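**Student:** Based on what follows, work out the 3D shape:
(chains A and B)
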Amino acid sequence: MQIQIDITKTLRSGARTFALRARLASASQRIVVYGPSGAGKSMLLKAVAGLMTPDHGRIEIAGRCLYDSVDGIDLAPQRRKLAYLFQDYALFPHLNVRQNIAFGLQRGWRNPLARVDGEAVRYWLQAFELEHVAQQLPHQLSGGQRQRVALARALAPEPAALLLDEPFAALDPALRQRMRAELDTLQRRLGIPMILITHDPDDVSAFGDHVLRMENGSMADIENLELVERNEA
Amino acid sequence: MDSFLAEPAWIALRLSLKVACWATLLDLVFGVALGYLLARKRFPGRELLDALLTLPMVMPPTVLGYYLLVVIGRHGPLGAWLQQTFGINLIFTWQAAVIAAAVVAFPLVLKGARAAFETVDTQLEQAAKVLGISPFGVFLRVTLPLAWRGVLGGTLLAFARSMGEFGATLMVAGSIPGKTQTLSIAVYEAVQAGQDDTANLLVLITSVVCIVVLVAANKLTPNRNPQA
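**Tutor:** Numbering: from 1, shown residues only, chains lettered A, B, ... in the order given. Alright, predicted model coming up:
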């Protein structure tokens, strides 16, 4: 099994409650969780990354247990070795492209220097064609460049899995097609498991080796992909 | 202006600067820590703590001075302990003036720091955590660099406020020329004694220092930040 998730979490705000019951077991490396916004998709990713603690359950990725309420395992986000691509990328606005990419490579209390160099930094700058903007700040970049910097930053520390939160939602349609193709190639080359959450049916058809639908906190496998496309398109 | 007037003024200015610097340093350390706590942590009594720490901004400085006397005075809980354990007496020393100025100016640093930390997107901190950075590393590498302008703005205001502190300082440190008589207290003494020339000089010095600090504080307001 590449990915095994079985968690519950109940959130209360005033009189309203939201119950997340996420169940997922997959031998596939490419998992797409599809559903409307507010379905609990981001919560699921946050739980996998350790940014939110479930009430009960177990999370296992590529043979590593990250969380188990019975055994009392709950790895800190720092120790989960995951790549997390946030929907609006969450690039560090005070650091240039080089420093953003090198951020996770340099531990400790100081940020990488503005001229930071190293094999991994050079590799990702080249792989994503970012050399000419290496000294620029995030707000000076285009949408596609920002996404590539965010991906490079997440992948540089050689993570064990890739978590993607609506990765293409912030891009214009033409760029979206291109970045999908790029991510597709990249994931095959890295060979690490990937969980992508989206409300866009096009993402489902592009990455859907194993597709689940999430609604109101619950999820179920989708057997017939064509049904998704016909209903939503 | 004869030099005989200038010298006590110079001494009072130096004392005021020394007191304000130490008070500001204390406020900076505690203001950043507590401002971060109030901005990021959820705990019962959070807003009550904020209100209590903001009290010095609205309370009469004399009331504050009285509270301080009760706490650090010879018979106060902290004062008695310091006296017995280390033989330290704070009342009527310049260190007491530092404590008075620090308490009065503290809300300015706290408010500035809390507001500055609250503007930092928590998602950036989460991104840093997932990248393997320790909590303190996240604070030093992400939170503080994005909030420092607001923190520094509040700190400069606190410095200006410390320079002008009068009521609480007079109560706990007194007015000993050359020892605890700060600029603002020297102004009061000069006016009381009818020494108008001295008073004029002291008032001029205080005004210039405060204006310089305020201009600097304005330059650092967060909305001038290019990232905003």
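
**Student:** Up against chain A, what does chain B have?
**Tutor:** Counting by C-beta under 8 Å from any C-beta of the partner chain, chain B comes close to chain A at B:121, B:123-124, B:126-134, B:136-137, B:140-142, B:145-146, B:227. C-beta coordinates here come from the backbone N, C-alpha and C atoms, glycine included.

**Student:** from the residues you listed, which would you call buried?
**Tutor:** Buried subset of the residues of chain B next to chain A (neighbour count, 16 or more other C-beta atoms under 10 Å in any protein chain shown): B:124, B:126-134, B:137, B:140-142, B:145-146.

**Student:** for residue B:77, what are its contacts?
**Tutor:** For residue B:77, the contact set (C-beta atoms under 8 Å, 6 or more residues apart in numbering or on different chains) comprises residue B:71.

**Student:** Then residue A:150 would be within a strand, right?
**Tutor:** No. Read with DSSP: H, G, I helix; E, B strand; the rest coil, residue A:150 is helix and lies in no strand.

**Student:** farthest pair in the buried ones among the residues of chain B next to chain A?
**Tutor:** Distance extremes for those: the farthest pair is B:132 and B:146 at 19.5 Å, using C-beta to C-beta.

**Student:** Helices - which of the residues of chain B next to chain A land there?
**Tutor:** Secondary structure defined by DSSP state H assigns B:123, B:124, B:126, B:127, B:128, B:129, B:130, B:136, B:137, B:145, B:146 of the residues of chain B next to chain A to helices.

**Student:** Report how many residues lie close to the spatially closest residue to the fifth one that is not a sequence neighbour.
**Tutor:** It stands for residue B:128. Excluding its sequence neighbours, the residue lying closest to residue B:128 (C-beta to C-beta, 6 or more residues apart in numbering or on different chains) is residue B:138, at 4.5 Å. Residues within reach of residue B:138, counting by other C-beta atoms under 10 Å in any protein chain shown, total 20.

**Student:** Next one, pLDDT for residue B:138 please.
**Tutor:** Reading off the per-residue confidence, residue B:138 sits at a pLDDT of 96.

**Student:** Just the closest of the buried ones among the residues of chain B next to chain A to residue A:12, please.
**Tutor:** Among these, residue B:126 lies closest to residue A:12 (C-beta to C-beta), at 22.1 Å.

**Student:** CA atoms of the host helix or strand of residue B:184 as PDB?
**Tutor:** Element membership of residue B:184, judged by DSSP states H and E, is helix B:183-192. Taking C-alpha atoms only, helix B:183-192 is exported to PDB below (Å, rounded to 0.1, in the frame of the first residue of the first chain):
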ATOM      1  CA  LEU B 183      14.400  65.600  32.000                       C
ATOM      2  CA  SER B 184      10.700  65.700  32.600                       C
ATOM      3  CA  ILE B 185      11.100  65.900  36.300                       C
ATOM      4  CA  ALA B 186      13.800  68.500  36.000                       C
ATOM      5  CA  VAL B 187      11.400  70.600  34.000                       C
ATOM      6  CA  TYR B 188       8.900  70.500  36.800                       C
ATOM      7  CA  GLU B 189      11.500  71.400  39.400                       C
ATOM      8  CA  ALA B 190      12.800  74.200  37.300                       C
ATOM      9  CA  VAL B 191       9.400  75.700  36.800                       C
ATOM     10  CA  GLN B 192       8.600  75.300  40.500                       C
END
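
**Student:** and the residue of chain B nearest chain A?
**Tutor:** At 3.3 Å from chain A, residue B:131 is the closest residue in chain B, using C-beta to the nearest C-beta.

**Student:** circling back to that earlier point, after the helix holding residue B:184, heading C-terminal, what element do we hit next?
**Tutor:** For helix B:183-192, the following helix or strand on the C-terminal side (DSSP H and E) is helix B:196-219.

**Student:** Share the number of residues neighbouring residue A:152, please.
**Tutor:** Other residues near residue A:152 come to 21 when the count uses other C-beta under 10 Å.

**Student:** Give me the nearest residue to it, chain neighbours excluded.
**Tutor:** Closest residue to residue A:152 apart from its sequence neighbours, by C-beta to C-beta, 6+ apart: residue A:124 at 3.8 Å.

**Student:** phi, psi of the one you found?
**Tutor:** The phi and psi torsions at residue A:124 (degrees, to the nearest 10) take the values phi -70, psi -30.

**Student:** list the contacts for it?
**Tutor:** The contact partners of residue A:124, by C-beta under 8 Å, 6+ apart, come to A:101, A:130, A:152, A:155, A:156.
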